[in-house]
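S.K.: Predicted model and sequence follow; I will ask about them next.
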Amino acid sequence: MPDVTVINNLGEEIHVTFFVVVLTNWKNHLKPRERWTTHLASLLLPFEARSVTGSREFSPNESMEMSAAIGGACAAGTASVVPTGALFAGDMLVGIPIVSVPLMAAANTDDF
């Protein structure tokens, strides 16, 4: 697990971060010529820098917002698949041909 040093060679303060999917390590208000060393996981991590003027700081709240958005998207995707799977499973277990009969009828037609 390497230590990585970021050096601000710009003439203005910046906010910097490394992230996997959400923010993992960040430093706000890195001054010109200032160094920031952080200990990172042995992964390929994207890096982002923001100008201090007119931009917001990196924060734990931003990281949590990203996590919530990703979690919500996963839940929505799962919710869209589970009812269909449950319908097929119920069709097979209970023996009620809700799904299989129309699908088999469509597959056996000469319309394809």
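M.R.: Yep, that arrived.
S.K.: how about low-confidence regions in the protein?
M.R.: For the chain, the stretches flagged by pLDDT under 70 are 55, 62-64, 66-71, 75, 78-112.
S.K.: which residue ranges form the strands in it?
M.R.: Per DSSP state E, the chain carries strands over the ranges 3-7, 14-19, 23-30, 35-39, 47-51.
S.K.: right, and those - which one's nearest residue 60?
M.R.: strand 23-30 (8.0 Å; C-beta to C-beta). To be clear about C-beta, it is placed using only N, CA and C from the backbone, and glycine gets the same treatment.
S.K.: For that closest one, which helices and strands make contact with it?
M.R.: strand 14-19, strand 35-39, helix 60-94 (3 or more C-beta pairs under 8 Å, 6 or more residues apart in numbering; DSSP states H and E).
S.K.: now do 7 Å
M.R.: On a contact count with 3 or more C-beta pairs under 7 Å, 6 or more residues apart in numbering; DSSP states H and E, strand 23-30 meets strand 14-19, strand 35-39.
S.K.: and the ones you listed, which is most packed in?
M.R.: Among the helices and strands packed on strand 23-30, strand 14-19 has the highest mean neighbour count (mean count of other C-beta atoms under 10 Å), at a mean of 20.
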